[in-house]
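Asks: Just to be clear, the model below is a prediction. Sequence and coordinates:
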Amino acid sequence: MEKARDVLVIGGNRYFGKRLIRRLLAAGDRVTVLNRGSAAPPAGALHLVADRDDENSLRKALGARVFDVVVDQVCYTPRQAALARRVFEGRTRRYVMTSTVEVYEYEDSPTPVAESAVDPRTVAVDPELPWHDQEFLSSHYGEGKRQAEAVFAAGSDFPYVAVRVAHVLGGDDDFTGRLAHYAERIRSGTPIAVPAANRPATYIHVEEIADFLAWAVGEDFTGPVNAASDGLLSTDELCEAVAAQIPGGSVALRAVEVGEVSPLSFTRSYGMDNSRATRLGFTFGDVRQWLPKAVAETLGD
């Protein structure tokens with residue numbers, strides 16, 4: 001029987017974060033969840049309350065605790081990464097950061113991109129940017145994640161993993177409203193605005209990313225790793241899957257050259273290549289097989 005691990009999960013006590021915590025508990029791990037106290041973790045997990053942006057608060061909450069693995073679900077900026085690195089260096093043998101497909105936002109590749117397309121060791125870090133400003137942070141999400149990865153990657157003495165997560169779909173607790181956006185327009189017969197050159201993207205089911213993170217906790221690889229289901233989806237396919245859940249629903253797309261477009265429509269091609277994770281031993285599902293289930297879960301139709 002595998003030895004129980006001491007795992008700290010920072011933030012992320014909703015959506016795929018709560019699913020991860022339940023998987024770790026079911027595996028017999030000793031799980032500690034640290035957040036600002038906004039939500040209690042699932043039964044069986046220890047709860048620590050601290051502000052992860054306040055180093056004194058974080059150190060006080062942690063005390064002398066050490067962990068086998070830390071899973072950081074809410075690291076968005078290089079400042080947060082630098083603080084975490086100071087606090088957890090020597091306190092954990094492995095640090096798993098939830099990153100994003102948006103680190104590839106400047107790519108435009110006709111084939112899925114590998115991790116090497118964005119090497120965090122070469123990313124410039126600017127902690128003086130206004131990362132504390134929510135509007136700035138929202139508009140620089142991919143850049144914040146890139147720079148956070150760069151902080152963890154600096155040197156060779158911090159065993160970090162950056163899980164670059166594809167666009168997540170599924171679950172009745174999907175809070176993004178992206179599929180609901182399509183459903184509302186399909187029900188009303190309103191055209192769905194997409195870029196004139198609309199590119200496909202990679203996705204992952206909410207249960208699959210929870211599986212992936214739980215698997216990554218038990219592995220020993222380091223560095224960036226892409227997490228995406230097999231296959232690419234276009235906005236058309238997403239809309240058709242939504243329309244299939246709506247009686248009489250039909251899709252009307254409207255291509256626009258300028259102006260606001262619908263969520264999950266992209267002017268660039270930067271689907272992710274998941275072959276590194278596959279070689280390491282994780283088996284992904286096929287996006288087209290789980291898509292109808294994901295849409296039904298989220299829309300509740």
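Replies: Structure received.
Asks: show me where this protein has strands.
Replies: Assigned by DSSP state E, the chain shows strands spanning 6-10, 30-35, 46-49, 69-72, 95-100, 160-165, 167-169, 192-195, 203-205, 223-227, 253-256.
Asks: Make TSV from these and add distance to residue 217, mean neighbour count and mean pLDDT to it.
Replies: The way it works is simple: take the backbone N, C-alpha and C, and place the C-beta from them, glycine included. Output for these, formatted as TSV (distance: least, C-beta to C-beta, whole Å; neighbours: other C-beta atoms under 10 Å; pLDDT from 0 to 100):
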stretch	distance to residue 217	mean neighbour count	mean pLDDT
strand 6-10	6	24	97
strand 30-35	10	23	96
strand 46-49	16	14	96
strand 69-72	5	25	98
strand 95-100	7	25	98
strand 160-165	9	24	98
strand 167-169	18	24	96
strand 192-195	38	19	94
strand 203-205	17	27	97
strand 223-227	13	24	98
strand 253-256	41	14	92
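Asks: looking at the ones you listed, which is closest to residue 294?
Replies: Proximity to residue 294 (C-beta to C-beta) singles out strand 167-169 among the strands of the chain, at 4.4 Å.
Asks: What pairs with that closest one, parallel or antiparallel?
Replies: Partner strands for strand 167-169, per DSSP bridges, with pairing direction: strand 203-205 (parallel).
Asks: what does the partner strand contact?
Replies: Identification of contacts with strand 203-205 by C-beta atoms under 8 Å, 6 or more residues apart in numbering yields 165-170, 212, 227-229, 233, 284-285, 287, 290-291, 293-294.
Asks: go again using 10 Å as the cut-off
Replies: Outside strand 203-205, the residues within contact range by C-beta atoms under 10 Å, 6 or more residues apart in numbering are 16, 101, 165-171, 209-212, 226-229, 231-233, 238, 264, 271-272, 274, 284-285, 287-291, 293-294, 297.
Asks: of these, buried ones?
Replies: Buried members of those, scored by 16 or more other C-beta atoms under 10 Å, are 16, 101, 165-171, 209-212, 226-229, 231-233, 238, 264, 271-272, 274, 284, 287, 290-291, 294, 297.
Asks: Mind checking which of those residues are in helices?
Replies: Secondary structure from DSSP state H places 16, 209-212, 238, 287, 290-291, 294, 297 of those in helices.
Asks: Output the below-cut-off pLDDT ranges for the stretch 201-301 of the chain.
Replies: 301 (pLDDT under 70).
Asks: Quote the end-to-end distance of stretch 240-255.
Replies: 16 Å (C-alpha to C-alpha, to the nearest Å).
Asks: Now do the buried residues in it.
Replies: Those would be 240-246, 249, 251, 253, for stretch 240-255 by 16+ other C-beta under 10 Å.
Asks: do stretch 46-65 as well
Replies: Buried, per 16+ other C-beta under 10 Å, within stretch 46-65: 48, 50, 52, 58, 61-62.
Asks: now stretch 19-28
Replies: By neighbour count on 16+ other C-beta under 10 Å, the buried set for stretch 19-28 is 19-25.
Asks: ok, now stretch 100-114?
Replies: By neighbour count on 16+ other C-beta under 10 Å, the buried set for stretch 100-114 is 100-105, 107, 112-114.
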